[in-house]
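Asker: structure for this input, please:
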Amino acid sequence: MPYMFISTQIRLENGPTNVGDEYSDATVMNYLGARKTTMLGNNFSEYHVDDPPRLVLDKLEQIGFRVLTMTGVGQTLVWCLHKEME
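Answerer: Have a look, this model is predicted:
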């Protein structure tokens, strides 16, 4: 999958960081050390890491991802990344 989103809450810049959903590439999630969780009341799962977004972005750059854009949505910071297909 060439696109991915990562996000964090504005007051949690030091982590945790949301790095994917239940359909995310398992290889990338393992590389990041992400754990899959389902919050009470949600009917979907998410992957999280304890690292701050900066470290996650550094790790993703090492495997070929590049930031396309970043925005703030309410109290959430969101980055969209892309990896060229090989």
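Asker: okay, now the unreliable bits of the chain?
Answerer: Residue ranges of the chain with pLDDT under 70: 1, 12-13.
Asker: the helices in it, which residues?
Answerer: For the chain, the helices defined by DSSP state H occupy 26-32, 53-62.
Asker: among those helices, which is nearest G74?
Answerer: When the helices of the chain are compared by Cβ to Cβ, helix 53-62 sits nearest G74, at 16.3 Å. Glycine gets a C-beta too; all of them are placed from N, C-alpha and C.
Asker: for the closest one, buried residues please.
Answerer: P53, V56, L57, K59, L60 (16 or more other Cβ atoms under 10 Å).
Asker: which helices and strands does it pack with?
Answerer: Helices and strands touching helix 53-62, by 3 or more Cβ pairs under 8 Å, 6 or more residues apart in numbering; DSSP states H and E, are strand 3-9, strand 17-21, helix 26-32, strand 76-83.
Asker: rerun that using 10 Å as the cut-off
Answerer: Applying 3 or more Cβ pairs under 10 Å, 6 or more residues apart in numbering; DSSP states H and E, one finds that helix 53-62 contacts strand 3-9, strand 17-21, helix 26-32, strand 46-49, strand 65-73, strand 76-83.
Asker: most tightly packed of these?
Answerer: Of all the helices and strands packed on helix 53-62, strand 17-21 has the most neighbours on average by mean count of other Cβ atoms under 10 Å, namely a mean of 21.
Asker: make a markdown table from the helices and strands packed on helix 53-62 and add distance to T38 to it.
Answerer: Formatted as a markdown table, these follow (distance: least, Cβ to Cβ, whole Å):
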| stretch | distance to T38 |
| --- | --- |
| strand 3-9 | 17 |
| strand 17-21 | 11 |
| helix 26-32 | 15 |
| strand 46-49 | 8 |
| strand 65-73 | 22 |
| strand 76-83 | 19 |
